[in-house]
Structure formats: structure tokens, C-alpha cells
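Engineer: after the sequence you'll find the predicted model.
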Amino acid sequence: MGKQKLYDLVEADIEKYKKHTDIYENKKKVQIIYLDLKTDDFYKEYSTESLLKNEVYEFIEDTYDVFVTNEKKFKLDIEFPTDMSLEEQRKIASLIKVHYAVKLDEIRHDIRHETCVGILLFTIGVLMFTCSILLERYVEIPGRILEIISWAFIWEASLRFFLENTANYRERSKYKELYMMSRQYHREQMNISHEDFK
């Protein structure tokens, strides 16, 4: 089987799967992540209804990972129980928004930490490499050992800069999109609530 044939089969299967999942496109080609909160208890145990279960966020993130593409906009649509008050709906929308604000802040902190550690390791590696060159003039074996150790520090710094931070930047982009989506939904909920009280 050729590569193109394989990719065509993969795309066809994904399109079939999309038709049976909780995401759809509206007329403006905006992908809607549909979250159904009617059927289950969605608050974490012992949280006095101040935290949502992790499954709620996992569903949003899994749907985003599989179906959201960079070319298209997307938004959140939540189906609440019919007897739920507008105040509680606004609270849930706020909890989702705050969750992604915290995630975005955590990933920003992780990027800063990995960058600082990478710079520190690289600096140590360069200093050790310089010392190994100077030491090698007088004592060859310890100089070579120090050179190997210095390369280990430089290698670790490179891993931090290029692998760890690349993954962190991807996560930051994802959480930024999810935060903006949940913020937009929260703003819409606030507008609905104000209109109802007029």
C-alpha cells in the first residue's frame, strides 16, 4: 500500500469519526466543541461545587487535539440541565475559563524555568570545556574526562532548549486557544444573563 493511499484511508476514517462525535461546524465554518453537562454530576467530590471534574477538561482537550485545525476557528457550546440557574451556568463557564488561565500560567512558568536551567547548564558546560582545554595542556586524562562531562552539560542544555521547550510551546499555544475560547464563552454567558435581567 502506497503512502498516499494510506493517508487517504486515515483521512476518510477521521472524517467518519467526526460525524459521530460532539463537534460540528456552523454556517460560518466555526468548529463547535459541544460539551453536554446534562447527564452527569460534573463537580469534583469534596469540592463544594467549586471545581469541575477532570473529565470535563479532558474531553475539551481531547476534542481540540483531534479535531481542531489551525485553519479554522472554534468555540465552545455547553448544554446545561434545563433546571440549572443562569448564575450556576455563569459559574461553570467561569470555572472553565479560570482552569485554562491557570494552565496557561503554569506552562509559561515551565518555559521560563526550562530556559533558565538550559542557560545555566550551557554556561557550566562551556566553562568546564574551557577548563578542560587548559587542563589538557598539563594533564591529558583528567582534561579529557572534564571535556566529556562538559559535553554532557551542553547536551542537556540543548535538550532543554529544543525538545522540552518545543513541547512546552505547543502546549502553550493549545492552552492559549482554549483559554480564549472559554473566555469568549464566558463573555457570551454574561451577556445572556444581563439581557435576561433587563
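Structural biologist: That came in fine, so what should we check first? For clarity, every value in this text was computed on a predicted model and none was experimentally measured.
Engineer: low pLDDT regions in the chain?
Structural biologist: Along the chain, the model assigns pLDDT under 70 to residues 1-3, 14-29, 68-72, 192-198.
Engineer: list the contacts for the residue nearest in space to the middle of the chain?
Structural biologist: Compute the mean C-alpha point of the chain, and by Cα atoms, centre = their mean the closest residue is residue 171, 3.5 Å away. Taking Cβ atoms under 8 Å, 6 or more residues apart in numbering as the criterion, residue 171 is in contact with residue 107. Where you see a C-beta, it was placed from the backbone N, CA and C, and this is true even at glycine.
Engineer: in three-state terms, label it for me.
Structural biologist: helix (DSSP: H, G, I helix; E, B strand; the rest coil).
Engineer: the protein: helices as residue ranges?
Structural biologist: 3-19, 54-67, 86-136, 140-158, 165-197 (DSSP state H).
Engineer: centroid-wise, who is the farthest residue in this structure?
Structural biologist: The outermost residue of the chain, judged against the average C-alpha position, is residue 138 (51.7 Å), by Cα atoms, centre = their mean.
Engineer: and it, how close does it get to residue 132?
Structural biologist: 11 Å (Cβ to Cβ, to the nearest Å).
Engineer: next one: residue 4
Structural biologist: If you go by Cβ to Cβ, the gap between residue 4 and residue 132 works out to 51 Å.
Engineer: more neighbours: which of these two?
Structural biologist: residue 132 (19 against 8; other Cβ atoms under 10 Å).
Engineer: wait, isn't the more buried one in contact with residue 141?
Structural biologist: No: checked against Cβ atoms under 8 Å, the pair residue 132 and residue 141 is beyond contact range at 11.1 Å.
Engineer: dump the helices of the chain to a markdown table, plus distance to residue 48.
Structural biologist: A markdown table is the format used below for those (distance: least, Cβ to Cβ, whole Å):
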| stretch | distance to residue 48 |
| --- | --- |
| helix 3-19 | 37 |
| helix 54-67 | 17 |
| helix 86-136 | 12 |
| helix 140-158 | 44 |
| helix 165-197 | 21 |
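Engineer: who wins for proximity to residue 74 among those?
Structural biologist: Smallest distance to residue 74 across the helices of the chain (Cβ to Cβ): 6.4 Å, for helix 165-197.
Engineer: run the angle between the closest one and helix 54-67 for me.
Structural biologist: Angle of helix 165-197 versus helix 54-67, following axes from the mean of the first three to the mean of the last three Cα atoms, to 10 degrees, is 110 degrees.
Engineer: what about helix 165-197, distance to the chain center?
Structural biologist: Relative to its chain's centre, helix 165-197 lies at 13 Å (Cα atoms, centre = their mean, to the nearest Å).
Engineer: for that helix, buried residues please.
Structural biologist: 165, 168, 171-172, 174-175, 177-179, 181-183, 185-186, 189 (16 or more other Cβ atoms under 10 Å).
Engineer: ok, the nearest residue to residue 165 once chain neighbours are set aside - contacts?
Structural biologist: Spatial nearest neighbour of residue 165, chain neighbours left out: residue 114 (5.2 Å); criterion: Cβ to Cβ, 6 or more residues apart in numbering. Residue 114 makes contacts with 160-161, 164-165, 168, as judged by Cβ under 8 Å, 6+ apart.
Engineer: much appreciated, bye for now.
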